[in-house]
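A.B. asks: Kindly return the folded structure for what I paste below:
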Amino acid sequence: MNWILLIIAGLFEVGFASCLGKAKETTGMILTYWMVGFFVCLSISMLLLYKATQVLPIGTAYAVWTGIGAVGTVLVGILVFKEPATFWRIFFLSTLIASIIGLKFVSSH
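C.D. replies: Numbering: from 1, shown residues only. Next up, the predicted model:
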């Protein structure tokens, strides 16, 4: 269950990073909506990370949370913000995913 909470926390990290990306493209009331989304996603992400670290080792949990956020944010950047999907970006993204999976398997919980 704690791994599921951690994965969801990582997805909300992608949410808050994506809200920042959209916020910089807007002004006025729309900017306010994206910033509210940022703070909601940030709060949920941190709460779930906190809950997961009550059982999982902090080093592993934080690395996995950050990794999910990084991978997800790069994918959102490519798919939503039209950032380049170069060979090297995809290669290093793949090594990051492999590292996240490896940390899960070597974790004692």
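A.B. asks: center of this structure, which residue is that?
C.D. replies: Per Cα atoms, centre = their mean, the C-alpha nearest to the average position across the chain is that of G69, at 1.7 Å.
A.B. asks: Just list the residues touching that one, thanks.
C.D. replies: Contacts for G69 (Cβ atoms under 8 Å, 6 or more residues apart in numbering) come out as 10, 13-14, 17. Quick note: C-beta positions are derived from backbone N, CA and C, even for glycine.
A.B. asks: For it, which non-adjacent residue is closest in space?
C.D. replies: Nearest residue to G69 in three dimensions, chain neighbours excluded: E13, at 3.3 Å (Cβ to Cβ, 6 or more residues apart in numbering).
A.B. asks: Show me what counts as buried in the helix or strand where the one you found lies.
C.D. replies: For E13, the host element (DSSP states H and E) is helix 2-23. Under the neighbour-count criterion of 16 or more other Cβ atoms under 10 Å, helix 2-23 has 5-6, 8-23 buried.
A.B. asks: So the residue nearest to G69 is in contact with V71, correct?
C.D. replies: No - here E13 lies out of contact with V71, judged by Cβ atoms under 8 Å, at a distance of 10.3 Å.
A.B. asks: which residues are in contact with stretch 98-109?
C.D. replies: 2-3, 55-57, 60, 63-64, 67-68, 71.
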